[in-house]
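Q: coordinates only, sequence not included:
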Ligand code: NDP
Ligand code: 8X3
């Protein structure tokens, strides 16, 4: 396995769930982190904790991945500091709402498509050229099992994650001949703030999603991402699906 010590990882959506657990694990292993999200106080707090606990370099950027100009601004700032991310983790994303398609809210659809698809594209388009110039780098796209099988009322979230799967494959094809690797990490049910966001802040409804079985934890997914980026340079894990043991498919569960 290769070490991430002293490298730079850029993690979008780093203040909660998978992103936060990954930032912590990477920093614990000596990796400098560029952390992004929209909530300044959470970013600031995480930045302070990581610096204090692990003594690594931390660069927080507060912006919305749906805004191309902000993604470009961040990339320009990294350029001016002569920092090229070794690892880009396209993690910022959400499900917003869970309705039949004829009852869906257009604002939910726009939030999901603009964040999960366009945000991932904006980040990739601004950071990948730097990696290509160096002929070195690793992109992790956080997809989902929702990008493999559609489920009732998942419609637009499913579509956004199918797009992530397609883009992950496309990025890999277009990078042939370079040393840059690209992997889609696709989890099933994981207990983070995901369902609270999906149900627009309804914590009771969100809690029910994880009742009767042990869901994945954010740290489980961080471990997987760490494994993927630590593989030797000639090993390109292009996709990885992970379910909780009690869930074997989007449709097959063992709930008590
Ligand atoms: P969380 O809600 O816990 O974390 C989401 C993170 O993304 C937060 O830091 C949030 O911070 C940030 N974020 C959301 N929207 C934006 C935006 N427009 N611009 C910048 N940052 C943003 O969810 P998870 O950790 O569970 O989700 C992470 C990814 O994993 C998502 O892509 C999700 O679809 C995917 N996923 C989740 C699964 C699950 O069951 N939990 C399973 C499979 C995939 P802030 O709001 O402050 O910006
Ligand atoms: C999150 C997992 O099953 O809620 O992507 O779609 S699921």
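A: Sure, I can see it. Computed from a prediction, not measured in an experiment: that's the story for all the values here. Ligands and ions are numbered 1, 2, ... in the order given.

Q: only C-alpha atoms for contact and neighbour calcs from this point on.
A: Will do.

Q: For my notes, confirm residue 123 occurs in a helix.
A: Yes: assessed by DSSP: H, G, I helix; E, B strand; the rest coil, residue 123 belongs to a helix.

Q: I'd like to check which residues are in contact with it.
A: Applying CA atoms under 8 Å, 6 or more residues apart in numbering, we find residue 123 in contact with 65, 71, 90.

Q: Then residue 60 would be within a strand, right?
A: Yes: assessed by three-state DSSP, residue 60 belongs to a strand.

Q: Provide the partner residues of it in its beta bridges.
A: Legend: beta-bridge partners of residue 60 under DSSP bridges are residue 35.

Q: Residue 229 is in contact with residue 138, isn't it?
A: Yes: Residue 229 is within contact range of residue 138, at 7.1 Å (criterion: CA atoms under 8 Å).

Q: Pick out whichever of these two has more residues nearby.
A: residue 229 (25 against 22; other CA atoms under 10 Å).

Q: how about that one, what does it touch?
A: Going by CA under 8 Å, 6+ apart, residue 229 touches 4, 87, 138.

Q: which parts of the protein sit against ligand 1?
A: 12-19, 37-39, 63-66, 91-94, 115, 142-144, 186-194 (CA under 6 Å from any ligand atom).

Q: what residues does the protein put near ligand 2?
A: 144, 146, 188-189.

Q: Rebuild the residues you listed as TSV, extending it with pLDDT, secondary structure and neighbour count.
A: TSV is the format used below for the residues of the chain next to ligand 2 (pLDDT from 0 to 100; DSSP: H, G, I helix; E, B strand; the rest coil; neighbours: other CA atoms under 10 Å):
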residue	pLDDT	secondary structure	neighbour count
144	98	coil	25
146	98	helix	23
188	98	coil	19
189	98	coil	22
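
Q: Need these in CSV (columns: distance to residue 218).
A: Putting the residues of the chain next to ligand 2 into CSV (distance: CA to CA, whole Å) gives the following:
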residue, distance to residue 218
144, 14
146, 17
188, 11
189, 10
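
Q: Pick out whichever of those sits closest to residue 105.
A: Nearest to residue 105 among these: residue 146, at 19.2 Å, using CA to CA.

Q: just to revisit the earlier point, out of the residues of the chain next to ligand 1, which are inside helices?
A: With helices defined by DSSP state H, the entries of the residues of the chain next to ligand 1 inside them are 17-19, 194.

Q: Give me the buried entries from those.
A: Neighbour-count burial (16 or more other CA atoms under 10 Å) applied to those gives 17-19, 194.
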